[in-house]
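> Whatever this is, show me its structure:
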Amino acid sequence: KHSKLTKMYVDNRGSNAIDVFDTTTNTIIKSIDLDFYPRSIDVNKQTGLVAISGTNKAMTSIVDSSNDSVIATVGSNEVTYPTTSGHDYLSSGTLASGHPHWIDEKHFVLIDREYKKIITYKIEKDYNGNWNATELNNITTPSPVHNLIPPEIHGKHETKNNYTSTIFYATAEGSENVYPSVLKLEFIETKGLSIVEELEIKKSGLASNIMGVHHLNFLKDQKTIYVGSDEGTLFVVSPSTN
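Predicted coordinates:
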């Protein structure tokens, strides 16, 4: 039996905290202090752990929703202002982190946009019942990354070697003199994420510094990607199926 959910988390981008909001009373019941200004939130539905990424710092905090306490914080405690395609006015603009994302019950990513990294962490309890988050690996991206697209968006039930798909996609938004791109990533539990394909988003007559991508999505065939560029061009691309 599922009980009605009555709690929401609200990220306050202009302060070092997120609020816990009771929807039955329309009141804030707790504020959770952070080491950074929060950007966005991803909830792990299996474990109840909540990942919050940073707006002004490439950091992620993990909150245990059972008691609304911070159990881990990772990343660099440094204020950064990355730019995409040489522009600071794009929607991701100068935000230090991309959106947080849970890969599975034990793994999450931190997207560092200034240093163009996707860092995979593993979080689990030790023998004393304390949570520990450790870096599994990190990869360098061609330009600042916005977010990850999980398997359920592009064909969750496809299998590879009898395992559920472990393929993710990401938008690299472009940077000065670097064209934006769509990245195809693969997750291996013992190794982390790796880039298996990079699809550069470019067109003759369009200079890299007037372009910039943000979100991508899939057509209903769950194979064909469409992504819009900052100057108004819509690109349709088809990644490899290998």
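
> For the rest of this, base every contact and every neighbour count on C-alpha atoms.
Fine.

> measure stretch 47-58 end to end?
Criterion C-alpha to C-alpha, to the nearest Å; first-to-last residue distance in stretch 47-58 is 24 Å.

> List the buried residues of that stretch.
For stretch 47-58, burial by neighbour count (16 or more other C-alpha atoms under 10 Å) applies to Leu49, Val50, Ala51, Ile52, Ser53, Gly54, Thr55, Asn56, Lys57, Ala58.

> cool, and stretch 29-45?
For stretch 29-45, the buried set under the neighbour-count rule, 16+ other C-alpha under 10 Å, comprises Ser31, Leu34, Asp35, Phe36, Tyr37, Pro38, Arg39, Ser40, Ile41, Asp42, Val43, Asn44.

> Going along the chain, name the helices of the chain.
Using DSSP state H, the helices of the chain run over 151-154.

> so where is it shaky, pLDDT-wise?
Residues of the chain that meet the criterion pLDDT under 70 lie in 1-5, 85-93, 153-165, 240-242.

> Could you rerun that using 80?
Along the chain, the model assigns pLDDT under 80 to residues 1-5, 83-93, 151-165, 222, 239-242.

> for Ile195, which residues make a bridge with it?
Leu185 (DSSP bridges).

> neighbours of Thr140, just the number please.
Here the number of neighbours of Thr140 (other C-alpha atoms under 10 Å) works out to 14.

> ok, it touching Thr120?
No - when contacts are counted by C-alpha atoms under 8 Å, Thr140 is not listed as touching Thr120 (11.8 Å).

> Thr27: what's its closest spatial neighbour, skipping adjacent residues?
Spatial nearest neighbour of Thr27, excluding adjacent residues (C-alpha to C-alpha, 6 or more residues apart in numbering): Phe21 at 5.8 Å.

> and the one you found, what does it touch?
By C-alpha atoms under 8 Å, 6 or more residues apart in numbering, the contact list for Phe21 reads Lys7, Met8, Tyr9, Val10, Thr27, Ile28, Ile29, Lys30.
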